[in-house]
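**Student:** below is the sequence, then the predicted model.
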Amino acid sequence: MNRNNLENIQNEMKELRFSPQTIEQVQQKMEKGMTDFTVHDQLKGSKAAVDVTAHFRQSGQSDNYYLNKFDVALNTGKPLEEGHKYFVITPNEQQPGKNIAKSFVNVTEAINFFKEQKGESKLAQGKDAGHTQELATMIAGKVDYVEKDFARTFRTPAQTQTFFVDRGKGFTVEQASNLIQGRSVFRDDLLNLAGNPYAAWVKLDFDSPKDRYQNYTTNQYHVPTYGFSAKETLDKFNIKEMESPEKAEKLIKSIENGNRPLVTAVKDGQETKLFMEASPRYRQLNFFQENGKPEKREQFLKEPALDQKIDLNKSPGKEQSQGISV
């Protein structure tokens, strides 16, 4: 194993915000000399778990490895408990009475592997193969049982997107997770076809067909031409965090990364905790109660809006759609 290459890979993954545990997986597989391999991570979404699969390949001309892309998959199921994994358990044909258990962190990968089995099999989750909760079973290659609370996850295909990486540059895992959940992300290092940099808010277009790579295309709202600024919009609202320069900077960065941070909003002198996210298309911020119910943004404005009616059928300005793979 080339240690300089390992160090470069580790630095790239840190820049892309992979977890330390996932970076450790890469080192272990590189030490084994595997030519092609994947590693997995899972992030908690606002409503469901987001599975991450990073793809690594060794060069045909050297012993160097490269990270060229990672996939995200939005599932309907709950995130795994700390220390738990998914297991596909099948009888060991070479040793009757014993089983073979293959573990997964990614629920999509676990379900797909389970469905590929031809004989008797069980899909479960737990701390180890000996202590599991049964999720689905198969007899003679046919699924005969799916646990009720797991049925939606099992039968509903995950929403997926592939994000390409160029020497550690691209959307971070955090940004990718938020994009697949339908939120917008700000990037100031995008390149046009001529190789010139530009800044824009990016959102996946779930209403259009996927491209030939089975990726959603993106809608982009260029900065400053489209006219949405997270800081300028935040300054219009009574948000306690904006009173501290340090907290304000952190909040702006979180929103630009597509997060839905919890903030302290003020209405009639009373403080309330709300989640907030960017809505660049309408040059606005959306507010939500802690239970996910939407809140009217106008009640938290510093100055009452002259016209609080928003035509949701019209975008204020020209929306710039880009058919690019991310």
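**Tutor:** Thanks, I have the structure now.

**Student:** tell me the helices and strands packed up against the helix or strand where residue 174 lies.
**Tutor:** Of the helices and strands defined by DSSP states H and E, residue 174 is found in helix 173-180. Applying 3 or more C-beta pairs under 8 Å, 6 or more residues apart in numbering; DSSP states H and E, one finds that helix 173-180 makes contact with strand 36-44, strand 49-58, strand 65-74, strand 159-164, strand 185-191, strand 197-204. Any C-beta I mention is one placed from the backbone N, CA and C, and that applies to glycine too.

**Student:** buried residues, the helix or strand where residue 87 lies. List them.
**Tutor:** Taking DSSP H and E as the definition, residue 87 sits inside strand 85-91. The neighbour-count check on strand 85-91 (16 or more other C-beta atoms under 10 Å) flags 85, 86, 87, 88, 89, 90 as buried.

**Student:** could I get the buried residue list for stretch 44-56?
**Tutor:** Buried, per 16+ other C-beta under 10 Å, within stretch 44-56: 45, 46, 48, 49, 50, 51, 52, 53, 54, 55, 56.

**Student:** as JSON lines, the helices and strands packed on helix 173-180 with mean pLDDT and distance to residue 131 would be great.
**Tutor:** Below are the helices and strands packed on helix 173-180 laid out as JSON lines (pLDDT from 0 to 100; distance: least, C-beta to C-beta, whole Å):
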{"stretch": "strand 36-44", "mean pLDDT": "89", "distance to residue 131": "20"}
{"stretch": "strand 49-58", "mean pLDDT": "92", "distance to residue 131": "21"}
{"stretch": "strand 65-74", "mean pLDDT": "94", "distance to residue 131": "26"}
{"stretch": "strand 159-164", "mean pLDDT": "95", "distance to residue 131": "31"}
{"stretch": "strand 185-191", "mean pLDDT": "95", "distance to residue 131": "39"}
{"stretch": "strand 197-204", "mean pLDDT": "96", "distance to residue 131": "38"}
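
**Student:** and of these, who's closest to residue 149?
**Tutor:** Closest to residue 149 of the helices and strands packed on helix 173-180, according to C-beta to C-beta: strand 49-58, at 14.1 Å.

**Student:** and that closest one, C-alpha only, in PDB?
**Tutor:** Extracted in PDB, the C-alpha atoms of strand 49-58 (Å, rounded to 0.1, in the frame of the first residue of the first chain):
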ATOM      1  CA  ALA A  49     -32.100   7.800   6.700                       C
ATOM      2  CA  VAL A  50     -29.700   8.600   3.900                       C
ATOM      3  CA  ASP A  51     -27.300   5.800   2.900                       C
ATOM      4  CA  VAL A  52     -23.900   6.700   1.400                       C
ATOM      5  CA  THR A  53     -21.800   4.400  -0.800                       C
ATOM      6  CA  ALA A  54     -18.300   5.500  -1.900                       C
ATOM      7  CA  HIS A  55     -16.600   3.800  -4.800                       C
ATOM      8  CA  PHE A  56     -12.800   3.200  -5.000                       C
ATOM      9  CA  ARG A  57     -10.700   1.800  -7.800                       C
ATOM     10  CA  GLN A  58      -7.000   1.100  -8.100                       C
END
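
**Student:** that older thread, tell me which of the helices and strands packed on helix 173-180 lies nearest to residue 146.
**Tutor:** strand 49-58 (18.0 Å).

**Student:** now do that closest one against helix 173-180, angle only.
**Tutor:** 130 degrees (axes from the mean of the first three to the mean of the last three C-alpha atoms, to 10 degrees).

**Student:** where do the helices sit along this structure?
**Tutor:** Secondary structure of the chain (DSSP state H): helices located at 3-15, 20-31, 107-115, 151-155, 173-180, 230-234, 245-256.

**Student:** and for stretch 90-101, what's in contact with it?
**Tutor:** Contact partners of stretch 90-101, identified using C-beta atoms under 8 Å, 6 or more residues apart in numbering, comprise 87, 88, 89, 117, 119, 120, 121, 122, 129.
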